[in-house]
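Trainee: This is the structure alone, sequence omitted:
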C-alpha cells in the first residue's frame with residue numbers, strides 16, 4: 001500500500017461537513033470549527049488555494065469543491081493561487097455529486 005493510498009483511505013473515512021450557507025464558496029474565514037472533517041464548498045469566487053487554506057484554518061482535514069458546471073474534470077487538485085500553500089488535500093467533484101452531498105447534509 002502506497003503512502004497516497006493510505007492517506008486517501010483515511011481521508012475517505014472522515015466525516016463530511018457543509019460550510020455555512022452564507023459562505024458557500026468557502027472564501028471567507030469560517031465561524032465554525034471543522035476539526036477533523038472534510039469540508040464541502042462550492043466552486044467560484046476565489047482560488048482553490050484560498051478555499052483550502054481557509055478550510056485548514058478552521059481545522060478541516062481536507063476540502064471537497066463541487067463544480068458549478070455540468071462538465072467537470074474531477075480529481076485531486078494541484079491547489080494553486082495567491083494564498084499560502086495549504087497542507088490539506090483538495091478534490092474537485094462534479095456538480096451533481098456535490099449538490100447531492102450538500103442536500104443530504106442539509107436534511
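Mentor: That came through, no problem. In this text the structure is predicted, and so the values were computed from the model without any measurement. Numbering: from 1, shown residues only.
Trainee: quick one, what contacts residue 107?
Mentor: Residue 107 sits next to no residue when contact means Cβ atoms under 8 Å, 6 or more residues apart in numbering. For the C-beta atoms, the positions are set from N, CA and C on the backbone; glycine is no exception.
Trainee: Can you tell me how far it is from residue 18?
Mentor: Counting by Cβ to Cβ, to the nearest Å, the gap from residue 107 to residue 18 is 11 Å.
Trainee: ok, now residue 63?
Mentor: Separation of residue 63 from residue 18 (Cβ to Cβ): 12 Å.
Trainee: State the pLDDT value of residue 97.
Mentor: What the model reports for residue 97 is a pLDDT of 88.
Trainee: Might you report the residue contacts of it?
Mentor: residue 66.
Trainee: which SSE is it in?
Mentor: Here residue 97 sits within helix 95-106, counting by DSSP states H and E.
Trainee: returning to that earlier point: so which of residue 63 and residue 18 has more stuff around it?
Mentor: Neighbour totals were compared for residue 63 and residue 18, and residue 63 leads with 28 against 21 (other Cβ atoms under 10 Å).
Trainee: Need the phi and psi values for the more buried one.
Mentor: phi -140, psi 130 (degrees, to the nearest 10).
Trainee: Verify the stated contact: it with residue 93.
Mentor: No: using Cβ atoms under 8 Å, residue 63 is not in contact with residue 93; the gap is 10.6 Å.
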